[in-house]
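S.K.: next comes the sequence, and after it the predicted model I'd like to discuss.
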Amino acid sequence: MAKIKVIHGPNLNLLGTREPGIYGHFTLQGIEEQLQNIFGKEHELDFFQSNCEGALIDAIHEAVHADGLILNLAAYTHTSYALRDAVTSIVKPAVEVHLSNVFAREDFRHVSVIAPICIGTISGFGGLGYELAVRALLDHLS
């Protein structure tokens, strides 16, 4: 049984109503329920969302007891060296997820300070990206 911490960053609590043309109509709760339905019988999933950088850092620090991380740090992906340092400090494998294809969007979204410290990045598949990320992390852990 793997312990996986799934961390969602700013504005993801608004999924379902926030820019549905970019992010779709699914909700964060719906994504978490789907992951729980698919993986919850065999693995322990712990979910966390915050709009605050410090709270996200604390959640990453607390994930020291997890086997790995799924990270959608949203806009902080492109700017937060503090979050990057938090991930490297706990020495756990992480997969970066983005709902939209960040490379088809604004130029500032093309650079991730998080990607170089992750085992991989999944971008552009909407809520399915989370499932793909968990599968990739589990494969890496095995």
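M.R.: Sure thing, it's come through. Being a predicted model, the structure only gives us computed values, none of them experimental.

S.K.: any chance you could map the helices in the chain?
M.R.: Counting by DSSP state H, one finds helices in the chain at the ranges 20-23, 28-39, 53-62, 81-90, 128-141.

S.K.: buried ones in the fourth one?
M.R.: Within helix 81-90, the residues that qualify as buried by neighbour count (16 or more other Cβ atoms under 10 Å) are 83, 84, 86, 87, 90. To be clear about C-beta, it is placed using only N, CA and C from the backbone, and glycine gets the same treatment.

S.K.: what's the closest of those residues to residue 134?
M.R.: residue 87 (17.1 Å; Cβ to Cβ).

S.K.: which residues does that closest one contact?
M.R.: The neighbours of residue 87, taking Cβ atoms under 8 Å, 6 or more residues apart in numbering as the test, are 60, 69, 71, 94, 114, 117, 118.

S.K.: top of the residues you listed by neighbour count?
M.R.: Using other Cβ atoms under 10 Å as the neighbour criterion, residue 71 leads these with 29 neighbours.

S.K.: roughly how far does residue 14 sit from residue 43?
M.R.: Per Cβ to Cβ, to the nearest Å, residue 14 is found 27 Å from residue 43.

S.K.: and residue 82, what pLDDT?
M.R.: Looking at residue 82, its pLDDT reads 97.

S.K.: isn't it right next to residue 58, touching?
M.R.: No. Contact criterion Cβ atoms under 8 Å: residue 82 and residue 58 do not qualify, at 11.3 Å.

S.K.: rewinding a little: lowest average pLDDT across the helices of the chain?
M.R.: Going by mean pLDDT, the lowest-scoring of the helices of the chain is helix 20-23, which has a mean of 65.

S.K.: enumerate every residue touching the residue nearest to the spatial centre of the chain.
M.R.: With distances taken as Cα atoms, centre = their mean, residue 71 lies nearest the centre of the chain, 2.3 Å away. For residue 71, the contact set (Cβ under 8 Å, 6+ apart) comprises 7, 9, 87, 94, 95, 96, 97, 114, 118.
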